[in-house]
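Colleague: sequence unavailable; structure follows:
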């Protein structure tokens, strides 16, 4: 009886200390380069895809967003390993009207127009397409569900241990990445 109890406690401790299922953290460092010229290294980082999933016929507006963390870049139906790579993000910056304290004001907006993936000296230019449903919800879990990708973020810890998230790209009008140069990611430099 005592052996079974000890084994159960060890299994429980291992489950509690293990990372959450589906969390794909990279052991290397990603250097996040921002449009204002600054950069920030992140450890224990992951690419995090936010999406909505709802039953056909239901209203997606009442659905809570879900995240899928990955150590690969998903573009449309293609998957790109990024263990040592550079991802450059090209933008079109434009002016738009936003409401601030009940008044319309001009503010910058930014839309991703292209991606460049560099791996081992080879460069690929990619269209900024949302990931396929099969990547966000693999297996049979997606049957009968509508899936809409919302955004791609990079999440990790700074060298001082602070958790940071950066919105890299928006796939939907429901999510807007900041256009401010101090927040706009222009390059991810992945190092192992």
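Modeller: Thanks, I have the structure now. Source: prediction; values computed, not measured.
Colleague: what segments of the chain are strands?
Modeller: Using DSSP state E, the strands of the chain run over 26-34, 39-55, 66-70, 72-75, 78-81, 86-100, 103-119, 122-126, 145-157, 163-170, 185-191.
Colleague: any chance of those in a markdown table, plus mean neighbour count, mean pLDDT and distance to residue 177?
Modeller: The C-beta positions use only the backbone N, C-alpha and C, and glycine is treated the same way. Below are the strands of the chain laid out as a markdown table (neighbours: other Cβ atoms under 10 Å; pLDDT from 0 to 100; distance: least, Cβ to Cβ, whole Å):
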| stretch | mean neighbour count | mean pLDDT | distance to residue 177 |
| --- | --- | --- | --- |
| strand 26-34 | 17 | 88 | 12 |
| strand 39-55 | 19 | 94 | 11 |
| strand 66-70 | 18 | 94 | 16 |
| strand 72-75 | 19 | 94 | 16 |
| strand 78-81 | 14 | 91 | 20 |
| strand 86-100 | 13 | 89 | 9 |
| strand 103-119 | 14 | 90 | 7 |
| strand 122-126 | 11 | 90 | 17 |
| strand 145-157 | 20 | 94 | 7 |
| strand 163-170 | 17 | 96 | 4 |
| strand 185-191 | 19 | 94 | 8 |
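Colleague: ok, now which ones touch residue 161?
Modeller: Applying Cβ atoms under 8 Å, 6 or more residues apart in numbering to residue 161 gives no contacts.
Colleague: relative to residue 44, how far out is it?
Modeller: Residue 161 sits 10 Å away from residue 44, going by Cβ to Cβ, to the nearest Å.
Colleague: what of residue 114?
Modeller: From residue 114 to residue 44 the distance is 29 Å (Cβ to Cβ).
Colleague: cool, residue 118 as well?
Modeller: Distance from residue 118 to residue 44, by Cβ to Cβ: 23 Å.
Colleague: go on, residue 109?
Modeller: In terms of Cβ to Cβ, residue 109 sits 31 Å off from residue 44.
Colleague: swap in residue 80?
Modeller: Distance from residue 80 to residue 44, by Cβ to Cβ: 21 Å.
Colleague: try residue 156
Modeller: Distance from residue 156 to residue 44, by Cβ to Cβ: 6 Å.
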